[in-house]
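Q: Sequence and computational prediction follow.
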Amino acid sequence: MFNPGKFVNEKIPEIRQQIKGKAIIATSGGVDSTVAAVITTKAVRENLVSVFVDTGYMRKNEPENTKKMLKKLGLNLEFVDARKEFYSALKGVTDPEKKRKIIGENFIRVFEGIAKQEKAEYLVQGTIAPDWIESGGALRDTIKSHHNVGGLPKDMKLKLVEPLRDLYKDEVRKLARYLKIPVAEKQPYPGPGLAIRIIGEASPESTDIIREACAIVEGEIEKAVENKKMEKPWQYFAVLLPVKSVGVHGDVRVYSNTIAVRAVSSVDGMSAAYSKIPDDVLERISIRITNTLKDKVNRVVYDVTNKPPGTVEWE
Ligand code: XMP
């Protein structure tokens, strides 16, 4: 049986042995990177700089909320607003793999800049056991090149420290609960963020649309779960499609965009079944999206594809 208290007590002196200078970690507020940052901070205090990069593809209120949470946890936080860089790097790019690659490369560039500025010698990562076990098979990578804020290149000449390397996800969640980190029940969120939930160019304008639509889907589904109308899906979000259709608002013709709602149940993301959302919840989502995004979205559809053949994300 995994004992989080014992794990932390044993890890702290081990990390102190490993880290003899300045260390740096990229943290997105996700479970793994946050747990790794908190445990390492307990060991080396302000010698660990935790870097949060706002790529511009964060969910509604996410940068502010994550910043608050990470500060409350006592991290030595460096907050980087890199929205302009990311938006300009993705200008005119529509190919999903190119988008993923550019986001990954930009992230590394920004992070490397901070590492240099901080004169860091150690790189802390929230790698967990499935990350390195799966990377041997590389099947996922032939489908989509996954980007994790943890997935930084080893040629950064920094010494790697991976305090969670031998743990599985449920153990990391137990650690999060033990350390009072309010991330343990979060739904998974892809590294490239909202950019891969916009089919086509991830412009600032499209990002504003998808950010709002995702917030509505999350809000309505969480309310329905709380009211015991449905099981909590593994993931639930919106996708902005490059499809325009004719509609009507009042008695005025509108010609605007389509939002797809995606919700799936899954154990590990490798396979998934689309969630059976009650009709009235879907209807509320549709009404709220088309009312809130009046001139921008006039049609909402629901994705009823399992994985396989559909992946969870559309890009
Ligand atoms: P797919 O879309 O491949 O997604 O069926 C499976 C799970 O992985 C998440 N996902 C990512 N997670 N970096 C991540 O950390 C990524 O680049 C990435 N792409 C997809 C997806 O949200 C789902 O949970």
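A: Sure, I can see it. Nothing here was measured: the structure is a model prediction, and the numbers come from that model. Numbering: from 1, shown residues only.
Q: what's near enough to touch the closest residue to Val304 other than its chain neighbours?
A: Nearest residue to Val304, sequence neighbours excluded (Cβ to Cβ, 6 or more residues apart in numbering): Tyr274, at 5.1 Å. All C-beta spots, glycine's among them, are computed from the backbone N, C-alpha and C. Tyr274 is in contact with Arg262, Ala263, Val264, Asp303, Val304, Thr305, Asn306, counting by Cβ atoms under 8 Å, 6 or more residues apart in numbering.
Q: among these, which are in helices?
A: Here DSSP state H is the test, and the contacts of Tyr274 give no hits in helices at all.
Q: Mark which of those residues are part of strands, please.
A: Residues of the contacts of Tyr274 located in strands (DSSP state E): Arg262, Ala263, Val264.
Q: which residues does the first one bridge with?
A: In this structure, Arg262 has the following beta-bridge partners (DSSP bridges): Phe237.
Q: Would you check that it makes contact with Leu241?
A: No: contact criterion Cβ atoms under 8 Å: Arg262 and Leu241 do not qualify, at 11.2 Å.
Q: Centre of the chain to the helix or strand that contains Arg177, how far?
A: Take DSSP states H and E as the rule and Arg177 turns out to sit in helix 169-178. Taking Cα atoms, centre = their mean, to the nearest Å, one finds the center of helix 169-178 at 18 Å from the center of the full chain.
Q: likewise stretch 256-268?
A: Worked out by Cα atoms, centre = their mean, stretch 256-268 lies 15 Å from the chain centre.
Q: And the pLDDT at the residue positioned nearest the centre of the chain?
A: In the chain, the C-alpha nearest the mean C-alpha coordinate belongs to Tyr189, at 3.1 Å (Cα atoms, centre = their mean). At Tyr189, the pLDDT value in this model is 91.
Q: wait, what's in contact with the residue nearest to it when sequence neighbours are not counted?
A: What sits nearest to Tyr189 in space, not counting adjacent residues and going by Cβ to Cβ, 6+ apart, is Gly30, at 6.8 Å. Counting by Cβ under 8 Å, 6+ apart, Gly30 touches Gly126, Val149, Val183, Lys186, Tyr189.
Q: Wait, the fourth one touches Val31, no?
A: Yes: shown here, Lys186 and Val31 form a contact pair, counting by Cβ under 8 Å, at 6.6 Å.
Q: What segments of the stretch 201-315 of the chain are strands?
A: Along the stretch 201-315 of the chain, the segments classed as strands by DSSP state E, counting those that start in this stretch run 235-249, 252-265, 273-274, 297-302.
Q: Figure out which of those is closest to the ligand.
A: Of all the strands of the stretch 201-315 of the chain, strand 235-249 sits nearest to the ligand, with 5.5 Å by Cβ to the nearest ligand atom.
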